[in-house]
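Visitor: mind looking at a prediction? Sequence and model below.
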Amino acid sequence: MVGGGVTGAGVARDLSLRGLSVLLLDKGDWGAGTTGSSSWMIHGGPRYLEFDWDTTRLSCLDAGHIVTIARNLVYRVVFIIPVLPHDRNNIERMETAMEVYDRFQPLKHAHPHRRLTAAEALQAEPGLTPDLIGAVTMEEWGVDPHRLVFANVQDAVAHGARALNHTRVTELIRDGGKVIGVRYHADGAISEARARVVVNATGPWSPKVGAMAGVAVQLRPAKGIHLVYPHRISNFSISAESIDGRDLLMVAHAGFTLLGTTDDDFYGDLDSVDVLEDEVEYLLQGFERVFPTIRNYRPVRTTTGVRPTLFKWRRYEDELSRRYEVIDHSRQGADGFITIAGGKLSMYRLMAEETSDAVCRKLGHQAPCTTATSPLPGNESDAEPAVELAARCGIPALAVLRLQSRHGSNAEKVLDEAGTSRILCRCEPITEAELVHASRHEHVRTLADAFRRVGIAAGPCAGAACIIRSAEVIGRELGWSATQKFDAARDFVRGSWLGRAPVLNHAGWAQEELAQGVMRGLTRNDGTR
Amino acid sequence: MARADSLAKLAWAYGLHVARRRISRPRSQLAELFETYRPDGIRALGPAERERHPRLATCINCGLCALAAGRLGKTRLPDLATSYMRLYARLSDASSDLEGDDPDFAAATSVCPVGLPLDEVAAAVRRISLR
């Protein structure tokens, strides 16, 4: 398996559960590409009702499976869709779409829509503009995509797979018309692995990996950005219409809000995708119309990623399908090489199942897929009440709730990992024991990995209060020298600055000044310390 | 073909919807909405809190208030303004963290570099946690 996003990790898990020997490789960290820059939602895709009801049905069905196997990672996200004068869809059309969508909602264990008058909508969500005519609601599921990916990796490893992050595939090994393995670069050395089937699940990087096998994988990559607010700034999630008529979403997650997204053809370097101030303004302008106080809040960073959309000529980006394709390249002279292209987070499990089916067909291996019913790690039993675990371990109940949202019923094992009840990141809040556990058992090699795995530096202070201490803890576990700890902290601060700079407003600069004071020596951008 | 089929089905659904709206009397669904999502803690802020919310969400976690005043129960004031003020939906499961005496909010607010009204933050967090 080349590519450790949610699809690659899902395929690795599926094949491991079917009893096959699997090696999963990613050049960066698990879920650090497209998966991590998603809207953090397992949604059913009401927009496909205009194009293909079967995609909506499949998407809802698979969302239902994910919700069942990953209970600790998901939570309800309820949208209010306000209808304003001159919107593309009037209230009757909007409610019709929701009535149709209600037929599919039970597949993902969600409730039907409600229709609200303008006054009722303002009562439910006082931040909405008084100009609205009415509103309808729609329910989806939120998910932490980083933990979802890692739960899949973890389960694959538990069933015999090997998984290596920060391991770049440099070459596909070929023998005539067959792909028989990979060469990869890890820890300063080149290694080799032979395989009867190599799967390319590298998302927007698929054409690049395909080229190593001499085959063409055609995508139409599309860039999307989100603004991240470190607070839940609305009761409900809210949808809005952009100046060019696209649907935008402000998603109220557990402790933060994502506002997005853009959708633009992308031709640049996939490893260096910048956020432009114009893109930020485009999103704020769209939301200001329905949520007028949005500019009074302080975003802390942006996320950006590139969707691996299937190629189609002439369509606008927003009209492109999110369908996927499993491509067996044997007819292109690369037998034993399969690409999974396109798709979206909500259907990752189904994509993984179909890709795994294709692999099994090639190998003549007969074993059914069990990923729709086998719980992911931490979901085998119900989690203990947070208050009881908090009292026993001497930490705040809120810290236990956050821990359980990542580890489910394994939370106590995580706390037992280190003999400390210290809270390391107070914004989230995160225990030092969890970071120790992540360093020992969850493939954390950098501070950015720790950000993805446990959420350090994800809160309002953007790491000012925890990043140095986190470097100490991880460094102690991984045997870093003082210089390596310093360098790790500096790399994280510089990396996160790129995502923060485009959204700093007045309050943002106040926070930035504090952070720069705390992390003096880390934040200079001239190449020196 | 799939597109034409989808649009035709949507058109049919629209016709049914409009006909149903004409012959039935609309009823308020707000109470049902609140009841459905009460266990998820989604409805947290009322109109007055909504208006003040941008001010209540400005903490930069500098820690000065922790030096100027004590704790709210077991909870440090910077934690109250950063983590507890953010995590609406789960606060009812963590209300035990907020039990106890109030610290000197006036002293804490007077040293805050962004002028965060910590007494208001505490009141909002406590109210949400008791839902």
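Guide: Sure, I can see it. Numbers count the residues shown, from 1 in each chain, chains lettered A, B, ... in the order given.
Visitor: could you give the average pLDDT over stretch A:65-77?
Guide: The average pLDDT within stretch A:65-77 is 96.
Visitor: distance from that stretch to the middle of the chain?
Guide: 14 Å (Cα atoms, centre = their mean, to the nearest Å).
Visitor: number of residues surrounding residue 88?
Guide: All of this is about chain A. Using other Cβ atoms under 10 Å in any protein chain shown, A:Arg88 has 11 neighbouring residues. C-beta here means a position set from N, CA and C on the backbone, and glycine is covered the same way.
Visitor: wrong one, chain B
Guide: The number of residues packed near B:Tyr88 is 24, by other Cβ under 10 Å.
Visitor: pLDDT score for A:His506?
Guide: For A:His506, the pLDDT comes out at 69.
Visitor: and B:Asp101, by the same measure?
Guide: The model reports B:Asp101 with a pLDDT of 89.
Visitor: pull the residues that contact stretch B:36-43.
Guide: A:75-76, A:78, A:111, A:114, A:124, A:235-236, A:252, B:34, B:88-92, B:128, B:131 (Cβ atoms under 8 Å, 6 or more residues apart in numbering or on different chains).
Visitor: tell me the mean pLDDT for it?
Guide: 85.
Visitor: endpoints of it, how far apart?
Guide: Distance between the two ends of stretch B:36-43: 11 Å, counting by Cα to Cα, to the nearest Å.
Visitor: flag every buried residue along that stretch.
Guide: Applying a neighbour-count criterion of 16 or more other Cβ atoms under 10 Å in any protein chain shown, one finds B:36-37, B:41-43 buried in stretch B:36-43.
Visitor: of all pairs in those residues, which one spans the longest distance?
Guide: Greatest spatial distance among the buried residues of stretch B:36-43 (Cβ to Cβ): B:Thr36 and B:Gly41, at 12.3 Å.
Visitor: can you put the buried residues of stretch B:36-43 in a markdown table and add secondary structure?
Guide: A markdown table is the format used below for the buried residues of stretch B:36-43 (DSSP: H, G, I helix; E, B strand; the rest coil):
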| residue | secondary structure |
| --- | --- |
| B:Thr36 | helix |
| B:Tyr37 | helix |
| B:Gly41 | coil |
| B:Ile42 | coil |
| B:Arg43 | coil |
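Visitor: please report the distance of A:Ala352 from chain B.
Guide: Using Cβ to the nearest Cβ, to the nearest Å, we find A:Ala352 at a distance of 24 Å from chain B.
Visitor: and the next helix or strand past the helix or strand where that residue lies?
Guide: For A:Ala352, the host element (DSSP states H and E) is helix A:348-363. Counting by DSSP H and E, the next helix or strand C-terminal to helix A:348-363 is helix A:386-393.
Visitor: who are the neighbours in contact with the residue nearest to A:Ala118 when sequence neighbours are not counted?
Guide: Using Cβ to Cβ, 6 or more residues apart in numbering or on different chains and skipping the chain neighbours, the partner closest in space to A:Ala118 is A:Leu132 (5.1 Å). Counting by Cβ under 8 Å, 6+ apart, A:Leu132 touches A:82-84, A:118, A:121-122, A:290.
Visitor: one more time with 7 Å
Guide: A:82-84, A:118, A:121 (Cβ atoms under 7 Å, 6 or more residues apart in numbering or on different chains).
Visitor: so which of the residues you listed belong to strands?
Guide: Counted as lying in strands by DSSP state E, out of the contacts of A:Leu132, are A:82-83.
Visitor: now the contacts of A:Leu132: which count as buried?
Guide: Buried among these (16+ other Cβ under 10 Å): A:82-84, A:118, A:121.
Visitor: show the contacting residues for A:Glu282.
Guide: Careful, residue A:282 is Tyr; it's not Glu. Applying Cβ under 7 Å, 6+ apart, the residues contacting A:Tyr282 are A:242, A:262.
Visitor: distance of it relative to A:His253?
Guide: According to Cβ to Cβ, to the nearest Å, A:Tyr282 and A:His253 sit 22 Å apart.
Visitor: what's next to the helix or strand of chain A with the lowest mean pLDDT, contact-wise?
Guide: Least confident helix or strand, chain A: helix A:506-518 with a mean of 76, by mean pLDDT, DSSP states H and E. Identification of contacts with helix A:506-518 by Cβ under 7 Å, 6+ apart yields A:298, A:461-462, A:464, A:504, A:523, B:58, B:60, B:62, B:113-114.
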